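A.B. asks: can't give you the sequence, but here's the structure:
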């Protein structure tokens, strides 16, 4: 069954989500990872630890809205994380749509440039929120 916004998250799923949110924000604030990398690394650690850490390099170009200010790097990293963990096109597509819908409800847009203009300094928190949401979705599938 696919996760849906009406799904009730278990206490264990909520705990993992909160942990992922804090870890991704911490990774971002460390300066070692940007938004997409922090989301992907956090999800990898909790849901696909068998994947090598080098997989994080696949999203290196996504920070800062793919260096052009377009789609939020955290959302891009979350989308990649869903695909890597699920390895199922239909499920990944469904959850990606849910992730984008949730993000737009929260921030109105997925454009990095607009988000940073309207919400100064939000990137570390936003990165954590996306990682937490992806963890919630994966833990509820």
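C.D. replies: Everything's here; your move. All values derive from a computational prediction rather than experimental measurement.

A.B. asks: What is the subsequent helix or strand relative to the worst-scoring helix or strand of the chain on mean pLDDT?
C.D. replies: Least confident helix or strand of the chain, by mean pLDDT, DSSP states H and E, is helix 63-64 with a mean of 85. Moving toward the C-terminus from helix 63-64, the first helix or strand encountered (DSSP states H and E) is helix 73-86.

A.B. asks: Show me what that next one is packed against.
C.D. replies: Other helices and strands packing on helix 73-86, by 3 or more CB pairs under 8 Å, 6 or more residues apart in numbering; DSSP states H and E, are helix 35-47, helix 89-107, helix 123-140. Just so you know, the C-beta spots here come from the backbone N, C-alpha and C atoms, and that holds for glycine as well.

A.B. asks: most neighbours per residue, which of the ones you listed?
C.D. replies: Across the helices and strands packed on helix 73-86, averaging neighbours per residue (mean count of other CB atoms under 10 Å) puts helix 35-47 on top, at a mean of 27.

A.B. asks: now the angle from that one to helix 73-86?
C.D. replies: 30 degrees (axes from the mean of the first three to the mean of the last three CA atoms, to 10 degrees).

A.B. asks: so where is this structure shaky, pLDDT-wise?
C.D. replies: In the predicted model, the chain carries pLDDT under 70 at residues 1-8, 141.

A.B. asks: who touches residue 83 in this structure?
C.D. replies: The contact partners of residue 83, by CB atoms under 8 Å, 6 or more residues apart in numbering, come to residue 92.

A.B. asks: Distance from the least confident helix or strand of the chain to the middle of the chain?
C.D. replies: The gap between where helix 63-64 is centred and where its chain is centred comes out at 13 Å by CA atoms, centre = their mean, to the nearest Å.
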